[in-house]
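Chemist: just the structure for this:
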Amino acid sequence: MQECTRGLTLKRFENAHAPQTSATGTEEQWQELKAEKTKSAVLRKPALLVVEIVSPGSKKTDYQAKLQEYAEQKAGEYWIVDLKAGVVSVLVLQADTYERLEYRDSEVIISPTFPEFRLSAYRILSA
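Modeler: You can find the predicted model right below:
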């Protein structure tokens, strides 16, 4: 599924080794990825934003392995949506590591990459 909103292209992946949702930035970048004809093509180019939804079987992978993988790939932001814990972790890449901010309940998520984005943790966690 692809959705374009204000110049932002979102791509949802079904493959567990690729992000569940990733923002590539522009329609041109999305077309480049599509041309590579592989589900994991987005992992070859830095994503602006990667979002993972934690499930019982993916907690360790989402919080540890993918964190390192996305840092190595220079993904600008990595969001971990943990429904069970009731928290949205927003990790922002600084040099080669992520700085983490956590949002709960009615707290408005702040994204350095998308400063116009205004959504509470509750809205994401209850979607």
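
Chemist: show me where the chain has strands.
Modeler: 2-5, 8-12, 21-23, 49-53, 77-82, 87-94, 97-103 (DSSP state E).

Chemist: from the contact counts, what lies against the fourth one?
Modeler: Just to be clear, that refers to strand 49-53. Secondary-structure packing of strand 49-53 (3 or more C-beta pairs under 8 Å, 6 or more residues apart in numbering; DSSP states H and E): strand 21-23, strand 77-82. C-beta: built from backbone N, CA, C; applies to glycine.

Chemist: kindly recompute the last result at 10 Å.
Modeler: On a contact count with 3 or more C-beta pairs under 10 Å, 6 or more residues apart in numbering; DSSP states H and E, strand 49-53 meets strand 8-12, strand 21-23, helix 66-72, strand 77-82, strand 87-94.

Chemist: so which of these comes closest to residue 109?
Modeler: Of all the helices and strands packed on strand 49-53, strand 87-94 sits nearest to residue 109, with 6.1 Å by C-beta to C-beta.
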